[in-house]
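Asker: Structure here, sequence nowhere to be found:
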């Protein structure tokens, strides 16, 4: 599983940008909040999710890009 280091450090040479695509958009939640919620559940904290999120795609597709460290 990929994740941000526990201290939120994204400067590691092993960090890479990943694009995550979702076929369905949530009906009851803003897309960026939804993307942060997904990252939070993987990374373990809201702060780590906010540091990792690079861009939230909202127009044509639902997805986001995030800088993650393979672990």
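Answerer: Received it, and whenever you're ready, just let me know what you need. Quick caveat, the model's predicted, so the values are computed rather than measured.

Asker: I'd say residue 16 and residue 70 touch.
Answerer: Yes: counting by C-beta atoms under 8 Å, residue 16 touches residue 70, with 7.4 Å between them. To be clear about C-beta, it is placed using only N, CA and C from the backbone, and glycine gets the same treatment.

Asker: For the helix or strand encompassing residue 63, buried residues please.
Answerer: Per DSSP states H and E: residue 63 is located in strand 62-70. Neighbour-count burial for strand 62-70, with 16 or more other C-beta atoms under 10 Å as criterion, is recorded at 62-69.

Asker: Is it possible to get TSV of these that adds distance to residue 50 and pLDDT?
Answerer: Below are the buried residues of strand 62-70 laid out as TSV (distance: C-beta to C-beta, whole Å; pLDDT from 0 to 100):
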residue	distance to residue 50	pLDDT
62	19	81
63	17	88
64	12	91
65	14	91
66	10	92
67	12	89
68	14	87
69	16	83
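
Asker: Quick check: which ranges of this structure have low pLDDT?
Answerer: 1-13, 71 (pLDDT under 70).

Asker: which residues are in contact with the lengthiest helix in the chain?
Answerer: Of all segments of type helix in the chain, defined using DSSP state H, the longest is helix 31-43. Contacts of helix 31-43 with the rest of the structure, by C-beta atoms under 8 Å, 6 or more residues apart in numbering, involve 1-4, 20, 25-26, 29, 46, 48-50, 52-53, 56-58, 62-64, 66.

Asker: helices and strands around the following helix or strand past that helix, which ones?
Answerer: For helix 31-43, the following helix or strand on the C-terminal side (DSSP H and E) is helix 46-52. With contacts defined as 3 or more C-beta pairs under 8 Å, 6 or more residues apart in numbering; DSSP states H and E, the packing partners of helix 46-52 are helix 31-43, strand 62-70.

Asker: at 6 Å instead, please
Answerer: Contact here means 3 or more C-beta pairs under 6 Å, 6 or more residues apart in numbering; DSSP states H and E; on that basis helix 46-52 packs against helix 31-43.

Asker: Buried ones in the helix it packs on, by neighbour count?
Answerer: By 16+ other C-beta under 10 Å, the buried positions in helix 31-43 come out as 31, 34-36, 38-40, 42-43.

Asker: Quick one: distance of that helix to the chain centre.
Answerer: How far helix 31-43 lies from its chain's middle: 6 Å, per C-alpha atoms, centre = their mean, to the nearest Å.
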